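In: Show me the folded form of this:
(one chain, ligands or ions: 2)
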Amino acid sequence: MDAMARPGVSSHMRLSGPRLRSLNHKSSMSCPQTSSFTSARCQLSEGLQDIDKSSLVVSSDPTNTRTSNLGGSYIHGPIHNRNPVGQTFCSVGVCVHDGSVIESHSHAKEERVGVLLLNLGGPETLHDVQPFLFNLFADPDIIRLPRPFQFLQRPLAQLISVLRAPKSKEGYAAIGGGSPLRKITDEQAHALKMALEAKKMAANVYVGMRYWYPFTEEAVQQIKKDRITRLVVLPLYPQFSISTTGSSIRVLQSIFREDSYLSRLPVSIIESWYQREGYVKSMADLIEKELQSFSKPEEVMVFFSAHGVPVSYVEDAGDPYRDQMEECICLIMEELKARGIDNDHTLAYQSRVGPVKWLQPYTDEVLVELGQKGVKSLLAVPVSFVSEHIETLEEIDMEYKHLALESGIENWGRVPALGCTSSFITDLADAVIESLPLAAAMSTPRKTSEEVDPDPVSYAIKMFFGSMLAFVLLFSPKMILAFRNHLF
Ligand SMILES: C=CC1=C(C)c2cc3[nH]c(cc4nc(cc5[nH]c(cc1n2)c(C)c5CCC(=O)O)C(CCC(=O)O)=C4C)c(C)c3C=C
Ligand SMILES: [Fe+2]
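Out: Ligands and ions are numbered 1, 2, ... in the order given. Reported below is the predicted structural model:
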C-alpha cells in the first residue's frame, strides 16, 4: 500500500491498543486505550513519540481528534490562538463569492476559511445505482487488488456493479427510490456553518462525496474558485477506515499535488473524532432517550451495529477501524455508566459484501444468537455513520428487525443517526476551530512516471485483457459460490 496515500495509518497502527473480544458484556470495564477523555489525549501524544515522521502526518493533538495535514510533516506543540475569521460570505450549497472580496487586494492577514465535509455519497435515483456501484468498486481502497492485478480494477468494477445492482436497487427502492445522504449532508453542512458563525468564525462549508454527486473534485474546484486560504477537512465518519476516510484523503492528495495553488494551501485533516466528548455524549443522549421508550429500560440489550470491513484491512493493511470502533463503544458505555445506566451491550458488524471474510461477529448471526439466548428487548445503535442511509433505513429497520423478531426478540428499538443534533454539530464546529491552527501546506511529490496515466494504446490493451481475465475470475468456483449465496 502506498504510504503517502494513507496519512496517519502508520500512526494508528502504533496507537492501537488491546482488543475487546467478548460478545456481550456489562459496562463495568474501563476502555482499552482510555479510561477518560483526558487520558485519551495523553495516549495520543505518547503514541506519537516513536513515529516515523517522514511518512506520517498525524499531529500532536490536544483536542481529542486525530488530525493531520496533507503533507508529510506534522506540527508539534500547543494550539495557538484561534484564527481570524474568514472573509468569504456564502451560504452552503451556493458558495458564490463576492469577487471584490476574493481578489488579491485583500489584506495579508485576512483568512478565507473553508471546511470540506467528506462523505460517501449515494445514488439519488434507481437509475444512478449501477454507475454509483461502479465508482465504489473501481476504488482501489474498496477492492484491494495486488499490484500486478490492478489493471483489472475497472473491468471487475463493471462486472460486480452490474451483478450487484439489482439487489442494491431493491434496497434503495424500499427506502423511497434513492439515498438520503446528499440532502442530510447538505443540512449538516448548513448547520455546521451556522454553528461556526455562532462561535464567531465565518467559513464556507463544502460537501465532497467519494462516489456520487457532488464529487470531491467538484468541491475542490469551488474551494479554488473561492480562493480559500485555510482549509479544514472533516470526514463525516467518526472512526478512520482505509475504505472510507482513507480513500477520500487519497483522492484529495492526488488532486492537491497536481495544482500549484492547492499544494500551497494550508490544510488540516481531522482523521477521526470518535473520542471527542461532544460526540460520545451526543450518542449517549440518543441511547438514553431511546431506552426510555421500553417498558423495562434496564433489561434492554444495547446492540451496536457497525458497518464492517474485510478482516484483511485490519489484519494485513493496518486499518485502525476495529480498534477505534471498540474504543468508541467503550467510551459511550462509560458515559452511560456515569449516568447510572448499566445495560448489557454488544458490538457486531453489518453489510458484508463479496466472498471474503469480514469483521466478526456478524450482526445477523448475533441477532439470532441473542434471540435463542432469551434476550427479549434490544436497542439497535448504528455507530459507524452519522446520517440515516440505506443501511439504517433498510438493513437495520427492515431486514434485521424482521430477523430479530423472528428469532424471539419481542421488543425492538433503534437509535436514530445523529444527523443535525445540535450538541453534535456544535462539537464538530469546535473540532474545526481547534484544528485550524494545525493546517500546513501539502508537500507530497508529484506523480512518478510510473503513476502517470498510460498511453491510450496500452490502456486499450490492458482493458481488453483485463476484461477477459475478469470474466475468467468471475467464473472461478469461489465466485460462483459467492453469487449462489447472494454475497454480491
Ligand atoms: C464507516 C462506514 C462504511 C464503511 C467502513 C464502508 C466500507 C465498505 N462498503 C462497501 C460496500 C458498499 N457500501 C455501500 C453503501 C454504503 N456504505 C457506507 C458506509 C461505509 N462503507 C454507507 C454510508 C453506504 C450507504 C450510502 C447510501 O446510499 O445510503 C454499498 C451500496 C449499497 C449496497 O448495495 O449495499 C456497497 C456495495 C465495501 C466493499 C466496504 C469496505 C471494503
Ligand atoms: Fe459501505
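In: all contacts plus neighbour counts: C-alpha atoms, from now on.
Out: Noted.
In: Just say helix, strand or coil for T346.
Out: Following DSSP: H, G, I helix; E, B strand; the rest coil, T346 is assigned to strand.
In: Ligand 1 contacts on the chain?
Out: With Cα under 6 Å from any ligand atom as the criterion, the chain meets ligand 1 at residues 121-123, 142, 168, 179, 181, 237, 241, 243-244, 307-310, 353, 384-385, 389-390.
In: From those residues, which land in strands?
Out: Under the assignment DSSP state E, the residues of the chain next to ligand 1 contribute H307 to strands.
In: Going through the residues of the chain next to ligand 1, which ones are buried?
Out: Neighbour-count burial (16 or more other Cα atoms under 10 Å) is assigned, among the residues of the chain next to ligand 1, to 121-123, 142, 168, 179, 181, 237, 241, 243-244, 307-310, 353, 384-385, 389-390.
In: Out of those, which sit inside helices?
Out: Using DSSP state H, the members of those that fall in helices are 168, 181, 390.
In: give the contact list for the second one.
Out: Going by Cα atoms under 8 Å, 6 or more residues apart in numbering, L181 touches 121-122, 387-389.
In: Restrict stretch 358-365 to CA atoms and write it as PDB.
Out: The C-alpha coordinates for stretch 358-365 follow below in PDB (Å, rounded to 0.1, in the frame of the first residue of the first chain):
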ATOM      1  CA  TRP A 358     -15.300  -9.600   7.100                       C
ATOM      2  CA  LEU A 359     -15.000  -8.300  10.700                       C
ATOM      3  CA  GLN A 360     -16.900 -10.500  13.100                       C
ATOM      4  CA  PRO A 361     -19.300 -11.200  14.800                       C
ATOM      5  CA  TYR A 362     -21.800 -10.600  12.000                       C
ATOM      6  CA  THR A 363     -24.900  -8.600  13.000                       C
ATOM      7  CA  ASP A 364     -27.400 -11.100  11.600                       C
ATOM      8  CA  GLU A 365     -25.800 -14.100  13.300                       C
END
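In: Please point out which parts of it sit buried.
Out: Here stretch 358-365 shows 358-364 as buried, counting by 16+ other Cα under 10 Å.
In: And for stretch 196-215?
Out: 196, 201-215.
In: circling back to that earlier point, could you export the contacts of L181 as JSON lines, including pLDDT?
Out: Formatted as JSON lines, the contacts of L181 follow (pLDDT from 0 to 100):
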{"residue": "G121", "pLDDT": "98"}
{"residue": "G122", "pLDDT": "98"}
{"residue": "S387", "pLDDT": "98"}
{"residue": "E388", "pLDDT": "98"}
{"residue": "H389", "pLDDT": "97"}
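In: Now distance to E410 too, for those, in JSON lines please.
Out: Converted to JSON lines, these look like this (distance: Cα to Cα, whole Å):
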{"residue": "G121", "distance to E410": "35"}
{"residue": "G122", "distance to E410": "33"}
{"residue": "S387", "distance to E410": "27"}
{"residue": "E388", "distance to E410": "24"}
{"residue": "H389", "distance to E410": "25"}
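In: low-scoring pLDDT stretches of this structure, where are they?
Out: The model of the chain has pLDDT under 70 over residues 1-30, 32-109, 442-488.
In: domain parsing for it?
Out: Listed domain ranges for the chain are 126-177+452-487, 277-414 (source: automatic domain parsing).
In: Any idea how far apart the tips of the longest one sit?
Out: In terms of Cα to Cα, to the nearest Å, the two terminal residues of domain 277-414 are separated by 22 Å.
In: Just give me the neighbour total for the spatially closest residue to V383 that is not a sequence neighbour.
Out: In this structure, V383 finds its nearest non-sequential neighbour in A306, 5.3 Å apart by Cα to Cα, 6 or more residues apart in numbering. With neighbours defined by other Cα atoms under 10 Å, the count for A306 comes to 22.
In: A306 is in contact with Y349, isn't it?
Out: Yes. Using Cα atoms under 8 Å, A306 is in contact with Y349, at 4.8 Å.
In: In this structure Y400 contacts D364, no?
Out: Yes. Here Y400 reaches D364: they are 6.6 Å apart, a contact under Cα under 8 Å.
In: any idea which helix or strand carries L192?
Out: Using DSSP states H and E, L192 sits in helix 181-198.
In: quick one: buried residues of that helix?
Out: Those would be 181-182, 184-196, for helix 181-198 by 16+ other Cα under 10 Å.
In: on that earlier part again, out of the contacts of L181, which comes closest to V432?
Out: V432 lies nearest to S387 out of the contacts of L181, by Cα to Cα, at 19.1 Å.
In: Give me the nearest residue to L262, chain neighbours excluded.
Out: In space, L262 is closest to F256, 5.1 Å off (Cα to Cα, 6+ apart).
In: From what I see, the one you found and S263 are in contact.
Out: Yes. Shown here, F256 and S263 form a contact pair, counting by Cα under 8 Å, at 5.1 Å.
In: Which one of the buried residues of helix 181-198 is nearest to ligand 1?
Out: Lowest distance from ligand 1 to these (Cα to the nearest ligand atom) belongs to L181, with 5.6 Å.
In: how far away is the closest one from E258?
Out: Distance, L181 to E258, by Cα to Cα: 29 Å.
In: In contact with the closest residue to ligand 1 within the stretch 301-450 of the chain: list those residues for me.
Out: Using Cα to the nearest ligand atom, the closest approach of the stretch 301-450 of the chain to ligand 1 is made by H389 at 3.7 Å. Residues near H389 by Cα under 8 Å, 6+ apart: 179-181.
In: Over to the residue lying closest to N411 once chain neighbours are set aside: give its phi and psi.
Out: Leaving out its chain neighbours, the residue that sits closest to N411 by Cα to Cα, 6+ apart is S377, at 4.5 Å. Torsion angles at S377 (phi, psi; degrees, to the nearest 10) stand at phi -130, psi 130.
In: go on, P320?
Out: The phi and psi torsions at P320 (degrees, to the nearest 10) take the values phi -80, psi 0.
In: pretty sure it contacts T244?
Out: No. Using Cα under 8 Å, P320 is not in contact with T244, being 11.9 Å away.
In: Go ahead and confirm I390 touches I175.
Out: Yes. Using Cα under 8 Å, I390 is in contact with I175, at 7.1 Å.
In: can you give me the strands in the stretch 101-250 of the chain?
Out: Ranges of strands in the stretch 101-250 of the chain, per DSSP state E, counting those that start in this stretch, are 113-119, 203-209, 230-235.
In: helices or strands up against the first one?
Out: I take that to be strand 113-119. strand 203-209, helix 216-225, strand 230-235 (3 or more Cα pairs under 8 Å, 6 or more residues apart in numbering; DSSP states H and E).
In: ok, 7 Å please
Out: Secondary-structure packing of strand 113-119 (3 or more Cα pairs under 7 Å, 6 or more residues apart in numbering; DSSP states H and E): strand 203-209, strand 230-235.
In: Perfect, that will be all.
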